Structures are given as C-alpha cells and as structure tokens.
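In: Predicted model, plus sequence, below.
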Amino acid sequence: MPEGLAKKVEKALLEVLEMAICQNFKESSKFVRDHLSYVKKMRLAENPDGYAKYIAKKLIPDEISYNIRIEKVQTWYREELCTKLEKLYSLYYEISQEEKCEISKENVKGIIQELLNMSLTDD
C-alpha cells in the first residue's frame, strides 16, 4: 500500500467539506457529518492507511458503484463541490482496485479489534 494513502484521502475529504460549507451546507447536515466522521475516524485509527482502504472498498467496491456515485454527484451537486467529490470518489475507486495482498494473522486480529472498538463507539 502506498505510504501516505490516508493523507491523500484526508486531504480530498477536507476539500469536499470546505466546498460544501462554502456552498452553505449546514455544519449539522448529514453530508458534512458523514465526511467529517471519516476524517476523525481515520485520524484515530491505529492503521490510518488501512482504514482509508476499508472506506474506499466499502463505498466504491467496483466500477458499477463508482459510475453510479459519479452520476449522482453530477446530478445533485454543482461547481467545485461536484469536482471535489468526483476527485474523492476517483481516489476511492483507485484505492479499492489496488491488488489485494495477504495480511498476517496478527494484523487481521488488530483490524478486527479496531473495527469492533469503532462499532461500539458508533452505536
């Protein structure tokens, strides 16, 4: 996995948030809360790059999902926010399509524990 993957995703997320707020999205809106949540969780993750990859695969697992998201973005959003979302989803798609590699059992246990801890705090 390329070094700094989480930083790239965080930068793209923050650009999306900046544009959304510039376009008068309320700070309490679901759109802002969801994107902000990804940034916060990535910052708190034991393995931020792994979390970035998890989110990418969850949101854009394949080309069909990517195309659907891009179509919705182009329909629902305008100007720079549309461009920033397209950039973010393109990054997610690129990440989700990276070749899979074997993960050691210790790393798998750590990832599962991290996910369990997150799900307990999300409920």
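Out: Perfect, I can see it now. Numbering: from 1, shown residues only.
In: what's the weakest-modelled helix or strand in the protein?
Out: Every helix and strand of the chain was ranked by mean pLDDT, DSSP states H and E. The lowest is helix 105-122, at a mean of 75.
In: neighbours around the closest residue to residue 81 other than its chain neighbours, how many?
Out: What sits nearest to residue 81 in space, not counting adjacent residues and going by CB to CB, 6 or more residues apart in numbering, is residue 19, at 4.1 Å. No exception for glycine: its C-beta is placed from N, CA and C like everyone else's. Other residues within reach of residue 19 by the criterion other CB atoms under 10 Å amount to 19.
In: tell me, what residue is most central in the chain?
Out: Centroid check for the chain by CA atoms, centre = their mean gives residue 55 as the closest residue, at 4.7 Å.
In: where's the helix or strand hosting that one relative to the chain centroid, distance-wise?
Out: Following DSSP states H and E, one finds residue 55 within helix 48-59. Chain-centre distance of helix 48-59: 6 Å, with CA atoms, centre = their mean, to the nearest Å.
In: For it, name the packing helices and strands.
Out: If contacts are counted by 3 or more CB pairs under 8 Å, 6 or more residues apart in numbering; DSSP states H and E, helix 48-59 sits against helix 5-22, helix 30-44, helix 79-96.
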